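# this one's structure only:
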């Protein structure tokens, strides 16, 4: 009996320790109203910024860490793209070792669904590595800087990789 109690106590302690050390993934929602009036809502689940996944991505492939979603309440136009109201899966395209493009895919991609490359919408993007480190993926809508000064941009920060994509 004493051995059973000792094993039960040891098991409970191990489970409690695993719970304390377990890595939480947080569900996040970011909402912004753009100057032109449309509301942008981003929903995503945080994921640790494992840059090995980014290094192993194939050039030209649409990659979407945990399938974050951007929802537009109305049509949005830029000089190079028109986005209809609706939902888009947020992702990135690797152009080279130090070059990425922020991209959107119409609708919500399912876990193992392969996107149709012809439907991917590439946003005019700026890629940077000098913006610090995001230990977990962060996605937001912010005022742009540099060539995007005075415009609204979608940002994705993953480890040392930082992308801004023009929205409006």
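Now that the structure is in, tell me what you want to look at. These numbers were taken from a predicted model, which means no experiment stands behind them.

# hey, where'd the strands end up in this protein?
Remark: strands assigned in the chain by DSSP state E are 27-33, 39-45, 62-63, 69-72, 76-77, 82-83, 86-96, 99-106, 121-122, 125-128, 134-143, 152-159, 161-166.

# tell me which of these lies nearest to residue 55.
Between residue 55 and these, the tightest spacing by Cβ to Cβ is seen for strand 86-96, at 9.2 Å. In short, each C-beta sits where N, CA and C put it, glycine included.

# remind me what the closest one packs against, helices and strands.
Where contact means 3 or more Cβ pairs under 8 Å, 6 or more residues apart in numbering; DSSP states H and E, strand 86-96 is packed against strand 62-63, strand 69-72, strand 99-106, strand 152-159.

# now the strands of the chain in a markdown table, with distance to residue 53?
Output for the strands of the chain, formatted as a markdown table (distance: least, Cβ to Cβ, whole Å):
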| stretch | distance to residue 53 |
| --- | --- |
| strand 27-33 | 19 |
| strand 39-45 | 15 |
| strand 62-63 | 8 |
| strand 69-72 | 20 |
| strand 76-77 | 29 |
| strand 82-83 | 27 |
| strand 86-96 | 11 |
| strand 99-106 | 13 |
| strand 121-122 | 20 |
| strand 125-128 | 16 |
| strand 134-143 | 11 |
| strand 152-159 | 9 |
| strand 161-166 | 11 |
